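# Sequence plus predicted model, see below.
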Amino acid sequence: MARNSKIFIIIIISCFINFCVSFDAHAKAICKAPVFYKWKHDASYKQENREILKKIPQKLKEEKVRESYWGVIVAEGDKKEDAEKNLNYMLLEKQGDILSECKLEHESFSGCISSKYKKLKTDLESSSFIIRKQIEDSIKLDCENIVGDCQGVVKRDVLCEEIKEINPEEEETGDKSKNGKKGKKDNSKKGKK
């Protein structure tokens, strides 16, 4: 009799622990935020602006800071606050990579030209002189329009949501009830035809 009561107590304690662990495992939060890098256009690379810059340097230097989309950062946590902290931490970790990408894209005029030439190498080799000149002019114009200085990284519109995970046991019962309903609907449709 004493042995049965010990087994009963062990079963009750294990059920209680299992309930507590499964209860905590169901709560989870996810936060997402789009990330942008800020950069300021450098108008001094434009041929037509070089003379203007000598006369009126302040006017062209007052251009607005632009933002370019980099991507979305997603972080998880047990609670909404934990997920937000993890998101901020991930942004700090990726900040160097994001700024490096910005610098590759915007801070090297000659790098911009050489990368575009590499991409269009086969087109340039097979083109006539007039078309090659037009391509070269468009490459130069594109690079003049995107060269500037990187200013920093910004996250926008952080969205967080708490998600309830479903137990595998609940999924099985949910699937059976769905299958049962589908079978009934299919049979009722067959009977109507």
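Structure's in. What do you need? Numbering: from 1, shown residues only.
# and the next element down the chain from the biggest helix by length in the chain?
The residue-count maximum for a helix in the chain (DSSP state H) belongs to helix 80-106. Later in the chain than helix 80-106, the nearest helix or strand by DSSP states H and E is helix 109-119.
# Counting by contacts, list what that following helix packs against.
Applying 3 or more C-beta pairs under 8 Å, 6 or more residues apart in numbering; DSSP states H and E, we find helix 109-119 packed against helix 129-146. Backbone N, C-alpha and C define where each C-beta goes, glycine included.
# if I look at Val65, how far off is Asp149?
9 Å (C-beta to C-beta, to the nearest Å).
# re the thing from before, what is the longest helix of the chain packed up against?
By 3+ C-beta pairs under 8 Å, 6+ apart, helix 80-106 packs against strand 27-41, strand 65-77, strand 148-155, strand 159-164.
# Let's see that with 10 Å instead.
Under the contact criterion of 3 or more C-beta pairs under 10 Å, 6 or more residues apart in numbering; DSSP states H and E, helix 80-106 touches strand 27-41, strand 65-77, helix 109-119, helix 129-146, strand 148-155, strand 159-164.
# pLDDT below threshold where in the chain?
Across the chain, the ranges flagged by pLDDT under 70 are 1-27, 45-63, 165-193.
# Buried residues of stretch 142-160, list them for me.
Cys143, Glu144, Ile146, Val147, Gly148, Cys150, Val153, Val154, Lys155, Cys160 (16 or more other C-beta atoms under 10 Å).
# which ones are touching the closest residue to the first one other than its chain neighbours?
With C-beta to C-beta, 6 or more residues apart in numbering as the measure, Cys112 is the residue that lies nearest to Cys143, at 3.9 Å, once sequence neighbours are left out. Contacts here follow C-beta atoms under 10 Å, 6 or more residues apart in numbering; on that basis Cys112 touches Tyr45, Leu104, Glu105, His106, Ile139, Lys140, Asp142, Cys143, Glu144, Asn145, Ile146, Val147.
# just Leu87 next, same as before
With contact set as C-beta under 10 Å, 6+ apart, Leu87 has these partners: Ile30, Cys31, Lys32, Ala33, Ile73, Val74, Ala75, Glu76, Gly77, Lys155, Val158, Cys160.
# What sits closest to the last one if chain neighbours are left out?
Computed as C-beta to C-beta, 6+ apart, the closest residue to Cys160 that is not its neighbour in sequence is Cys31, at 4.1 Å.
# these two touch, right, that neighbour and Gly77?
Yes. The pair Cys31 / Gly77 is scored as a contact, 7.5 Å apart, by C-beta atoms under 10 Å.
# Pick out whichever of those two has more residues nearby.
Per other C-beta atoms under 10 Å, whichever of Cys31 and Gly77 has more neighbours is Cys31, with 23 against 18.
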